[in-house]
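1. Sequence first, then the predicted structure:
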Amino acid sequence: MYVVANDKKVREACDNVQNIKTFESLDDFIQSDTCRLLLEEESVNQNIERLFKYIPIVLSIRQDEIKEQLTEILEDTKIQSERLIANGSGSAKIKTIEDFANDITVKDLTSVQYYGDGVLVLPFDAQVRITAEYDLTSTEYHHLSIKRAEQILYSDSDETAIESFTLSVAGKISIKVDSLRILEANLSEENIKSLADGSKFDIDSIEQKELIDSDPIQNRWEYQFLELVRFKEENGHCEVPRKHPLGPWVSNQRQRRRIGAFAKERIDRLNKIGFVWLMRPRGALDEYIDQLLNYRKIYGHIDVPQQDKKYRQLGRWVNDQRTKKKNGALSEEYEDRLNEIGFVWDALEERWNQRLSELREFRKKFGHFNVPPQISEYPKLYSWSKKLRRIRPTPDRLAKLISIGYDWDIETRKAKIEDAVGWDEKLLALKEYYDANGHFNVNYKENKSLYNWLHKLKSRKPSEERLTKLRSIGFHWEPKTTKRKPPASWNDNFNLLKLHFEKNGNFDISSTKQKNLYNWLFKLKRKKPTDEQIERLKLIGFDWEKEKVES
């Protein structure tokens, strides 16, 4: 409060009251900074109110530059919508701005704020058509409705989806006007219009980004359906408990089907993921299913091996179900229930698909299919990829390989070229070893890699071309013999014993240095020789009954 009073006592009384400022005369008040600021504030408020009718006009003229600013701000930013984005995280990245559904508009001119120095800030909103990119697993994609899947550009090789959306954007626009003229009082209408025309518009901030529901009812059902798919992936079945957040929706699907108020497409999609229309009482099958689901939580799959001592009974039961199905002896109930949790009927095919999935991940991570021998992340992938190139896969498997970008013919040729280069490098290393040592008996400790290569070389006959190259460095290839020498005969061992006595004057045979002869004598003491053999032993001084066999 401001008080003008000539009376000194009145001024002193007012000065003792909080939030009251006194002046001795009206002239003092008019000439003070306080009055000047109040007059400027009043002038600014009046000028802003008069600017209201021109701001939308100028904004419509500046649409292109404002839209260009908004486009630059939005590109490559993240958006979130668990209902409308089809992946588990509900997040995507804006890839491009296609166009604007309408002009950028200011919401409420009366909520304008003046920040000083000629800067006004007011709220705006806009609707933008965007293209967004997000990760989407093959499982998630194939569980979408046909209508929804058609809206997505999906890449199975790197599991990414590109989709168009309408994005609602809200934020604030700053308007910069002449900081001195907006303070002037009693501006003419022409001056106000000129002030608006000379203003500069900028995006001040983005406060909200929200995807707009093009079909709210359909999208709500899609959202709940995807939640059910995720429930099954986590639990291995669709038997949602009543107290679960999905429980009411699941119950509603059963009721709508009973009264015939359910679209066939939705029934088919629920059937495809093993939806439980009628809850069953628990039995022996449920117990095994529970064990399988617990096994999957630990190991990530339900292909239980029979060799696993810890799960031997479960492994045998799994194998029994496969055998029964193969022989046509498995009940429909068991087969349906096991299909619901993704039971592996063909273990070999499942393992092949698992390696294929690892190969796709490897390519996505490293940009090629050349799997190195030692990679801890994929311990079985190297040997599988080597076998893959030896025999041409079936048409079905070839199609799967092509779907991840793998060309079997090209990759096989690459492998042969790499093998040829690697073989020639080892040949050169062998020649250098020979030149340095004068022989081809590579010591394991000296050169492990070359030793292993030589070991493999002897186990399989090389091509004529490679044999020629080996001969050119003086190496003559011979097949590695796998036949064991026949055990020495009684006469051979007798002659060795005789030779030992003639040389050493005793029958002290070492169990380590003369192992074969020692074992023969040991057996000889346990099993009585023939009379003829005893006589021959006596002739060389060996008393069969008295002589001891010591190590």
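-> Perfect, thanks for sending it. Numbering: from 1, shown residues only.

2. Tell me where this protein has strands.
-> 2-4, 21-23, 78-80, 91-100, 105-106, 113-116, 119-135, 152-155, 160-176, 200-211 (DSSP state E).

3. now the first one: mean pLDDT?
-> In this model, strand 2-4 has a mean pLDDT of 65.

4. do the same with the fourth one
-> Rounded to a whole number, the mean pLDDT of strand 91-100 is 89.

5. Could you tell me the angle between it and strand 119-135?
-> Between strand 91-100 and strand 119-135, the angle comes out at 120 degrees (axes from the mean of the first three to the mean of the last three C-alpha atoms, to 10 degrees).

6. in strand 91-100, what's buried?
-> By 16 or more other C-beta atoms under 10 Å, the buried positions in strand 91-100 come out as A92, I94, K95, I97, F100. No exception for glycine: its C-beta is placed from N, CA and C like everyone else's.

7. what sits up against that strand?
-> Contacts to strand 91-100, defined as C-beta atoms under 8 Å, 6 or more residues apart in numbering, come from residues 67, 71, 74-80, 85, 126-134, 162-164, 167.

8. quick revisit: which stretch among the strands of the chain approaches D435 most closely?
-> strand 152-155 (53.6 Å; C-beta to C-beta).

9. residues of that closest one that come out buried?
-> Buried-residue list, strand 152-155, by 16+ other C-beta under 10 Å: Y154.

10. same check, this time on stretch 438-447
-> Residues F440, V442 are the ones in stretch 438-447 that count as buried (16+ other C-beta under 10 Å).

11. Now find how far off-centre it is within its chain.
-> Distance, stretch centre to chain centre, for stretch 438-447: 45 Å (C-alpha atoms, centre = their mean, to the nearest Å).

12. Restrict that stretch to CA atoms and write it as CSV.
-> Taking C-alpha atoms only, stretch 438-447 is exported to CSV below (Å, rounded to 0.1, in the frame of the first residue of the first chain):
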residue,chain,number,x,y,z
GLY,A,438,65.5,-80.2,-39.5
HIS,A,439,62.4,-82.4,-38.8
PHE,A,440,58.6,-82.3,-38.6
ASN,A,441,58.2,-83.7,-35.1
VAL,A,442,56.6,-80.5,-33.7
ASN,A,443,56.7,-80.3,-29.9
TYR,A,444,53.3,-79.6,-28.3
LYS,A,445,54.7,-77.2,-25.7
GLU,A,446,56.7,-75.2,-28.4
ASN,A,447,53.8,-74.7,-30.8
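
13. pLDDT (mean, whole number) over that stretch?
-> Here stretch 438-447 scores 80 as its mean pLDDT.

14. Would you indicate which residues of stretch 317-335 are buried?
-> Across stretch 317-335, burial judged by 16+ other C-beta under 10 Å covers W317, V318, Q321, R322, K325, L330, Y334.

15. the helices in the stretch 401-550 of the chain, which residues?
-> With helices called from DSSP state H, counting those that start in this stretch, the stretch 401-550 of the chain shows them at 408-437, 448-459, 464-472, 490-504, 515-526, 531-539.

16. Please name every helix or strand in contact with the last one.
-> For helix 531-539, the contact count by 3 or more C-beta pairs under 8 Å, 6 or more residues apart in numbering; DSSP states H and E identifies helix 490-504 as packing neighbours.
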